[in-house]
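> How does the following fold in three dimensions:
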Amino acid sequence: MAAQGDLPAPEQGIVITHFLTVRDVARSSRFYADIFGGEIVLSENPAIVKVANSWIIMNPGGGPTPDKPGVTLVAPEAGDTVSSFMNVRVADIRAFYADAVAKGAEFLTEPLDRKAELRCYLRDPDGYLIEVGQATGMLHGVFADRPAATGQ
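Now for the predicted structure:
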């Protein structure tokens, strides 16, 4: 049984967690524990992995429930279209990247200098996109260029 301090259950105020609909709860829990140094505090119903000062909650998909009528949860479809992603900030991106690669993480690119930060992206076993970044220029008032206009 997990201790209360290991669960996202604040005594005051709020805590924000991130919920992922996953295909294989055990595989996804291990990924977040291994790659991000998390601790699996509950293995199922739902699975909860405590990572630093956050929690990632995982369960398989499913149909509507009384508290979310008309809503079906599904893991992401294969492809490059996403509507959100997890953003992880690290103190030393090169060390994190090397450690994660050694543990089997597959990144889209190596860390790239974006002026305000160094950053790179990887996907978890279900295809969720995860940005990993280290603040650099932004600490000194240097920010990334604005995206080019897309006509939308």
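> what does the domain assignment say about the protein?
1-63, 76-147 (automatic domain parsing).
> Any chance of JSON lines for the ones you listed, columns mean pLDDT, mean neighbour count and distance to residue 69?
(C-beta placed from N, C-alpha, C; glycine too.) As requested, the domains of the chain are exported to JSON lines (pLDDT from 0 to 100; neighbours: other C-beta atoms under 10 Å; distance: least, C-beta to C-beta, whole Å):
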{"stretch": "domain 1-63", "mean pLDDT": "93", "mean neighbour count": "15", "distance to residue 69": "10"}
{"stretch": "domain 76-147", "mean pLDDT": "94", "mean neighbour count": "14", "distance to residue 69": "22"}
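> Any chance of JSON lines for the ones you listed, columns distance to residue 70?
JSON lines is the format used below for these (distance: least, C-beta to C-beta, whole Å):
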{"stretch": "domain 1-63", "distance to residue 70": "10"}
{"stretch": "domain 76-147", "distance to residue 70": "19"}
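> hey, C-alpha coordinates of the longest helix seen in the chain in CSV?
When the chain is parsed with DSSP state H, its longest helix is helix 25-36. C-alpha atoms of helix 25-36 as CSV (Å, rounded to 0.1, in the frame of the first residue of the first chain):
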residue,chain,number,x,y,z
VAL,A,25,-0.3,-0.4,-18.0
ALA,A,26,2.7,-2.4,-16.8
ARG,A,27,4.9,-1.5,-19.8
SER,A,28,4.0,2.2,-19.6
SER,A,29,4.6,2.3,-15.8
ARG,A,30,8.0,0.8,-16.2
PHE,A,31,8.9,3.3,-19.0
TYR,A,32,8.1,6.3,-16.8
ALA,A,33,9.8,4.8,-13.8
ASP,A,34,12.9,3.8,-15.7
ILE,A,35,13.4,6.8,-18.1
PHE,A,36,12.3,9.5,-15.7
